[in-house]
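**Q** Sequence and computational prediction follow.
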There are 2 protein chains.
Amino acid sequence: MAELLTVDDPDDPRLHDYTGLTDVELRRRREPEEGLFIAEGEKVIRRALNAGYGMRSMLLSAKWVDVMRDVIDEAPAPVYVVDPALAERVTGYHVHRGALASMRREPLPAAGDLLAAARRVAVMESVNDHTNIGAIFRSAAALGMDAVLLSPDCADPLYRRSVKVSMGAVFSVPYARLGDWPRDLRTVREAGFRLLALTPGEDAVPLDEAAPHRLERVALMLGAEGEGLSARALRAADTRVRIPMAHGVDSLNVGAAAAVAFYAVTSGRPQP
Amino acid sequence: MAELLTVDDPDDPRLHDYTGLTDVELRRRREPEEGLFIAEGEKVIRRALNAGYGMRSMLLSAKWVDVMRDVIDEAPAPVYVVDPALAERVTGYHVHRGALASMRREPLPAAGDLLAAARRVAVMESVNDHTNIGAIFRSAAALGMDAVLLSPDCADPLYRRSVKVSMGAVFSVPYARLGDWPRDLRTVREAGFRLLALTPGEDAVPLDEAAPHRLERVALMLGAEGEGLSARALRAADTRVRIPMAHGVDSLNVGAAAAVAFYAVTSGRPQP
């Protein structure tokens, strides 16, 4: 059982994992360096634990102790009970979800290991918005993608905002980062995957004509909101696919486009 | 050609259409009563005009006059040039898109008229979040839905935030409001539509098994984020359909779910 420790000094060094949570630049640097990430709220904390992540500590206000009693009882880590004003002073914001946990990062798997076990992979290029990364992971998990590969400049899926928007789905779908972009896409192809690049380009094949659900192994490449995939990434793909647009609309938002494409590559299709 | 009028008094009554734009409650009441809506930013203003909406007036800062020159030349309405600080004082926020237009609302069509010309209709129940309404309209337009029907308590698609998030798609897809909910769903069925209710319920038919793309006329019913469709609405449907979930995820967000369902009902499917 975890120790339950009341803390009333905002400068207490035991709260260091939780300081300055609203300073995105600071946290982006600190969290990977220090080997931690922050899970926020009861549901996300439980999902992180269920996924096997180790807990460094937990920070909660008194009224959350009962709700989290079973988690506290099992946590092999100190649990700090603070009042909401102190939590706000330390973190920089009003923690309305009442509980935060500092969790241990695990080394990311190698892309090759993920590819060996997967048939449906999402590959993201330069998606550097934490909300978009989280939303795409939620859809990737829900719609049955087996793994995610990230270009070197994609945002961190374990950043607090990504984790929250994904509703913890970043813990469910294994992911790896490619080191050499777009050259490492060759290893994806060599693992037997067909590389489909999602683009609004008029010369691309409509997604349903491409019939990606019939392919044995598919890697679906997605770019960032606005720019889309780079020319280099498009050249590295086997096939460019597009979601046909109606009513003169030029694009879907990246989250909607990703969801549609994941559905198209994962769903069994009935006979027409 | 429109008059170009410099205004430097924030209390000038000619700026009345633009006052208190950040007061959601006030604007929700005022705009329908006064028969106007606000289009924000160059792209959205152009799309509103292209869709045939009349302009009451436009408000912009001096540096936007050149960009909007052709719009100004054609606008049969006064154009107020103000400095950014005054625009902020009047509207309540920093108008970083530089241009606002007050547009005339048109009477909504009757549901029956829309149904007569449509084969693919989205029906929303209690979607009262402006961001979600906008996102769903954007996907509905992009993916080729022919019309949208709204329950009485859905948010206003012409509210500024909805318009912006939809990227103007609320101007492209015709929509109507049902007056008696869920009773008016009968008129949808009587117009030859099969009513499919999207739900996470385990007893629902997987979306691809339902093969909605083969149906002549489909009305796809969607509920709000969180609650989903009401029990009454589910009872009024012909078939409950679900998007199968993987990795233990319990749901997609409403925007992603809508996009997937719109794709499933609008796309031609290849032979498996």
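**A** Yes, it's here. Fair warning: this is a prediction, and the values are worked out from it, not measured in the lab.
**Q** Show me which residues of the stretch 101-250 of chain A are close to chain B?
**A** By the rule Cβ under 8 Å from any Cβ of the partner chain, the part of the stretch 101-250 of chain A lying against chain B is A:135, A:138-139, A:141-144, A:167, A:169, A:172-173, A:207-209, A:211, A:213-214, A:243-249. All C-beta atoms are positioned from the backbone trio N, CA, C, and that covers glycine.
**Q** Buried ones only from the residues you listed, please, as a ChimeraX command.
**A** Per 16 or more other Cβ atoms under 10 Å in any protein chain shown, the buried members of those correspond to this ChimeraX selection:
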select /A:135,138,139,141,142,143,144,167,169,172,173,207,208,211,213,243,244,245,246,249
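**Q** Just the residues of the stretch 101-250 of chain A next to chain B: which are in helices?
**A** A:135, A:138-139, A:141-142, A:207-209 (DSSP state H).
**Q** Quick one: end-to-end length of stretch A:98-107, please.
**A** Stretch A:98-107 has an end-to-end distance of 29 Å (criterion: Cα to Cα, to the nearest Å).
**Q** can you give me how far it is from the chain middle?
**A** Centroid displacement of stretch A:98-107 relative to its chain, using Cα atoms, centre = their mean, to the nearest Å, is 14 Å.
**Q** With stretch A:41-59 instead?
**A** 15 Å.
**Q** Which of the residues in that stretch are classified as buried?
**A** Buried-residue list, stretch A:41-59, by 16+ other Cβ under 10 Å: A:41-42, A:44-49, A:53, A:55-59.
**Q** what does stretch A:180-187 give?
**A** A:181-182, A:184-185, A:187.
**Q** Include pLDDT and secondary structure when you put these into TSV, please.
**A** Below are the buried residues of stretch A:180-187 laid out as TSV (pLDDT from 0 to 100; DSSP: H, G, I helix; E, B strand; the rest coil):
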residue	pLDDT	secondary structure
A:181	97	coil
A:182	96	coil
A:184	97	coil
A:185	97	helix
A:187	95	helix
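**Q** with those residues in mind, which one is nearest to residue A:219?
**A** Distance to residue A:219 across the buried residues of stretch A:180-187 (Cβ to Cβ) is lowest for residue A:185, with 7.9 Å.
**Q** who are the neighbours in contact with the closest one?
**A** A:123, A:178, A:195, A:219, A:221, A:233, A:236-237 (Cβ atoms under 8 Å, 6 or more residues apart in numbering or on different chains).
**Q** go with 10 Å
**A** Neighbouring residues of residue A:185 by Cβ atoms under 10 Å, 6 or more residues apart in numbering or on different chains: A:123, A:125, A:149, A:151, A:178, A:193, A:195, A:197, A:219, A:221, A:232-233, A:236-238.
**Q** Any chance of the backbone angles for residue A:80?
**A** phi -100, psi 120 (degrees, to the nearest 10).
**Q** where's it relative to residue A:39, distance?
**A** 15 Å (Cβ to Cβ, to the nearest Å).
**Q** Which one's more surrounded, these two?
**A** More crowded of residue A:80 and residue A:39, by other Cβ atoms under 10 Å in any protein chain shown: residue A:39, with 27 against 23.
**Q** hang on, isn't that one packed against residue A:53?
**A** Yes - the criterion here is Cβ atoms under 10 Å, and residue A:39 meets it with residue A:53 at 7.9 Å.
**Q** all helices of the stretch 1-150 of chain A, in order?
**A** Applying DSSP state H, counting those that start in this stretch to the stretch 1-150 of chain A gives helices spanning A:24-34, A:42-50, A:69-74, A:84-91, A:111-117, A:130-142.
**Q** Please identify the deepest-packed of the ones you listed.
**A** Mean neighbours per residue, mean count of other Cβ atoms under 10 Å in any protein chain shown, is largest over those for helix A:130-142, with a mean of 26.
**Q** For it, which helices and strands make contact with it?
**A** Other elements packing on helix A:130-142 under the criterion 3 or more Cβ pairs under 10 Å, 6 or more residues apart in numbering or on different chains; DSSP states H and E are strand A:120-124, strand A:147-150, helix A:160-165, strand A:175-177, strand A:218-222, helix A:254-266, helix B:254-266.
**Q** now these as JSON lines including mean pLDDT, mean neighbour count and distance to residue B:203?
**A** As requested, the helices and strands packed on helix A:130-142 are exported to JSON lines (pLDDT from 0 to 100; neighbours: other Cβ atoms under 10 Å in any protein chain shown; distance: least, Cβ to Cβ, whole Å):
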{"stretch": "strand A:120-124", "mean pLDDT": "98", "mean neighbour count": "27", "distance to residue B:203": "27"}
{"stretch": "strand A:147-150", "mean pLDDT": "98", "mean neighbour count": "24", "distance to residue B:203": "31"}
{"stretch": "helix A:160-165", "mean pLDDT": "96", "mean neighbour count": "22", "distance to residue B:203": "29"}
{"stretch": "strand A:175-177", "mean pLDDT": "97", "mean neighbour count": "20", "distance to residue B:203": "33"}
{"stretch": "strand A:218-222", "mean pLDDT": "97", "mean neighbour count": "27", "distance to residue B:203": "31"}
{"stretch": "helix A:254-266", "mean pLDDT": "95", "mean neighbour count": "26", "distance to residue B:203": "21"}
{"stretch": "helix B:254-266", "mean pLDDT": "95", "mean neighbour count": "27", "distance to residue B:203": "18"}
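**Q** Low-confidence ranges, chain A, go.
**A** Applying pLDDT under 70 to chain A flags the ranges A:1-2, A:268-272.
**Q** Show me it divided up by domain.
**A** A:4-104, A:111-266 (automatic domain parsing).
**Q** end-to-end on stretch A:32-50?
**A** Stretch A:32-50 has an end-to-end distance of 21 Å (criterion: Cα to Cα).
**Q** Equivalent analysis for stretch A:121-138, please.
**A** 14 Å.
**Q** quick one: that stretch to chain centroid distance?
**A** 6 Å.
**Q** do the same with stretch A:142-162
**A** Distance of stretch A:142-162 from its chain centroid, counting by Cα atoms, centre = their mean, is 4 Å.
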